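> the sequence isn't on hand, but the structure is:
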Ligand code: PSU
Ligand code: MN
């Protein structure tokens, strides 16, 4: 465990907050490098950090820089990842050790961000969307490593539900099999990222950050491994029209199929395609839902510190 110091670097601000049991919220960096275009990606990442501060918590954006697993980045580092975009390695669980040993950079996915957050001692992580079971996974086996990470690593992940680039039904089944609780914040229905409704139910509706924190703490006290998923619907005023976004996603999926896009390229390809098809409307929705999740993440983290 001593050698961990060689690879893990927690910023002084985040370290101090954790030592004083102050609320900290982890943030991922794949969303910066692979999920949004420059410069909106950097603007969003910085604004998300500000929202977390405004809600009384300390942000810890996670990435791998020069082989170091970092929690807490400077503005310049966020800008660097945003400008480098797709040329930064998209780093999930399988990539961490390789990048660390080689001293390379990586933008962390939900799975990798959870790992670094847990190593640093951070319990809450806010993002936009998680990976899941892709459409056609019966034959492609394309199931994001994010789902198994949720089953393994003790971090509460706040997202806006599952978007229909995924097979939402299979994603829910997979999470059930893996024993991951899917909690709906002030909703019984699983949100579908750009829209507030998916046609699927969450496991439990939870109405307050206090109760979300209590549930996570109970899992910890019971010595159960793994994380939890909080699904937070996009605010009504920013939600997209269901038929319009469904058609755009269909078109993007068809294009990916035609071009033979596979593996880790799939999610970034589809996100980019949808942004282009919708002329930036989906990007605006995406940005707003991340802001909304950051605020909720900060509130949960604040409640969790009170329980510890
Ligand atoms: N969904 C989004 N935006 C994103 C991602 C997913 O709406 O940026 C990113 C996240 O980092 C997530 C990753 O962890 O894609 C999942 O990729 P894959 O399906 O290859 O595991
Ligand atoms: Mn995949």
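Yep, it's here. Please read these numbers as outputs of a predicted model, since none were measured by experiment. Ligands and ions are numbered 1, 2, ... in the order given.

> who's in contact with residue 52?
Going by C-beta atoms under 8 Å, 6 or more residues apart in numbering, residue 52 touches 25, 27, 58, 59, 126, 294, 295, 297, 298. In short, each C-beta sits where N, CA and C put it, glycine included.

> cool, and residue 304?
So residue 304 contacts 23, 123, 124, 213, 216, 217 (C-beta under 8 Å, 6+ apart).

> can you tell me how far it sits from ligand 1?
Look at residue 304 and ligand 1: by C-beta to the nearest ligand atom, to the nearest Å, they are 22 Å apart.

> distance of that residue from residue 298?
Here residue 304 is placed at a distance of 11 Å from residue 298 (C-beta to C-beta, to the nearest Å).

> which residues do these two both contact?
What both residue 304 and residue 298 touch, as defined by C-beta under 8 Å, 6+ apart, is the set residue 23.

> what does the stretch 1-150 of the chain have sitting close to ligand 1?
28, 30-31, 34-35, 92, 109-110, 128-131, 144-146 (C-beta under 6 Å from any ligand atom).

> go with 5 Å
Residues of the stretch 1-150 of the chain lying close to ligand 1 by C-beta under 5 Å from any ligand atom are 30, 31, 35, 109, 110, 128, 129, 131, 144, 146.

> would you turn these into JSON lines with distance to residue 249 and pLDDT?
Converted to JSON lines, those look like this (distance: C-beta to C-beta, whole Å; pLDDT from 0 to 100):
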{"residue": "30", "distance to residue 249": "19", "pLDDT": "98"}
{"residue": "31", "distance to residue 249": "18", "pLDDT": "97"}
{"residue": "35", "distance to residue 249": "15", "pLDDT": "96"}
{"residue": "109", "distance to residue 249": "20", "pLDDT": "98"}
{"residue": "110", "distance to residue 249": "20", "pLDDT": "98"}
{"residue": "128", "distance to residue 249": "15", "pLDDT": "98"}
{"residue": "129", "distance to residue 249": "12", "pLDDT": "96"}
{"residue": "131", "distance to residue 249": "15", "pLDDT": "97"}
{"residue": "144", "distance to residue 249": "17", "pLDDT": "97"}
{"residue": "146", "distance to residue 249": "19", "pLDDT": "98"}
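
> re the thing from before, of the contacts of residue 304 - the most surrounded one?
Comparing these by number of neighbours (other C-beta atoms under 10 Å), residue 124 comes first, having 32 neighbours.

> narrow the contacts of residue 52 to those in helices?
294, 295, 297, 298 (DSSP state H).

> show me what the longest strand anywhere in the chain packs onto, helices and strands only.
If you go by DSSP state E, the chain has its longest strand at strand 58-65. Under the contact definition 3 or more C-beta pairs under 8 Å, 6 or more residues apart in numbering; DSSP states H and E, strand 58-65 sits against helix 12-19, strand 24-27, helix 40-54, strand 68-71, helix 75-84, helix 93-102, strand 107-108, helix 110-120.
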